[in-house]
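> What follows is a predicted protein model with its sequence.
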Amino acid sequence: MHRSESPALHPAATTTETPLAASGPMAKLWELICDIRFAMFTTHHRNGHLHSRPMTTQNSRDDQDTRLWFFMSRQGEPLEELTADPSVNIAYAHPGKDRYVSISGTAVVVEDLARKKALWSKMAEAWFPGGPTDPDLALVRVDISHADFWDVQENKLVQLFEMGKAALTGTTPRLGEHGEVHVN
């Protein structure tokens, strides 16, 4: 992992329980991503291309609302890119559970030492040895504007049967749940 990438998930965020702070559609979103360790954080590069890199969501159980938190290096390209164009995408995938989430939002660097300390973990220290006061440590907040999710709950045998049936009948298989979350 490059220094510009985010350190490991905050231990409090590894819970698989429904978050306390989220309700309604946001609760479903947090249920889907809470146990996914890394997300692909996508920014617009200055050459016009989209660039993605693995990052770790730092939200604690109490921070599961309409914002995502990340630690990044102030020296890295991701921070430079999101400062130039704050529109970002965060993609989560858990192939073992057939869960996929794509989140669009607006990123901003936040100068909040108390929040850095609250989100800090020993894993973050591997990337930022100076701790929450490390001058290279940037705290990035992504305000969620829209999310799409796919949650296939059927077991693999049912999935294969439905795909085979669809192939024979010329229809589209109906598997799992697809949903959207709109914020604002």
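Cool, the structure landed. Residues are numbered from 1 along each chain as shown.

> all helices for this protein, in order.
Taking DSSP state H as the criterion, the chain contains helices spanning 25-33, 77-84, 113-119, 122-127, 156-169.

> Give me the mean pLDDT for the second one.
What that stands for is helix 77-84. Over the span of helix 77-84, the pLDDT mean works out to 95.

> elements contacting that helix?
strand 39-44, strand 50-55, strand 67-73, strand 99-110, strand 137-151 (3 or more Cβ pairs under 8 Å, 6 or more residues apart in numbering; DSSP states H and E). C-beta: built from backbone N, CA, C; applies to glycine.

> starting at the chain centroid, how far to it?
17 Å (Cα atoms, centre = their mean, to the nearest Å).

> if we can go back for a sec, where among the helices of the chain is the average confidence lowest?
helix 156-169 (a mean of 52).

> about what we covered before: tabulate the helices and strands packed on helix 77-84 (a markdown table), appending mean neighbour count.
Formatted as a markdown table, the helices and strands packed on helix 77-84 follow (neighbours: other Cβ atoms under 10 Å):
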| stretch | mean neighbour count |
| --- | --- |
| strand 39-44 | 22 |
| strand 50-55 | 16 |
| strand 67-73 | 23 |
| strand 99-110 | 18 |
| strand 137-151 | 19 |
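
> want to try CSV for the ones you listed, with distance to Ala84 and mean pLDDT as columns?
CSV is the format used below for the helices and strands packed on helix 77-84 (distance: least, Cβ to Cβ, whole Å; pLDDT from 0 to 100):
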stretch, distance to Ala84, mean pLDDT
strand 39-44, 7, 97
strand 50-55, 12, 96
strand 67-73, 14, 96
strand 99-110, 11, 95
strand 137-151, 14, 93
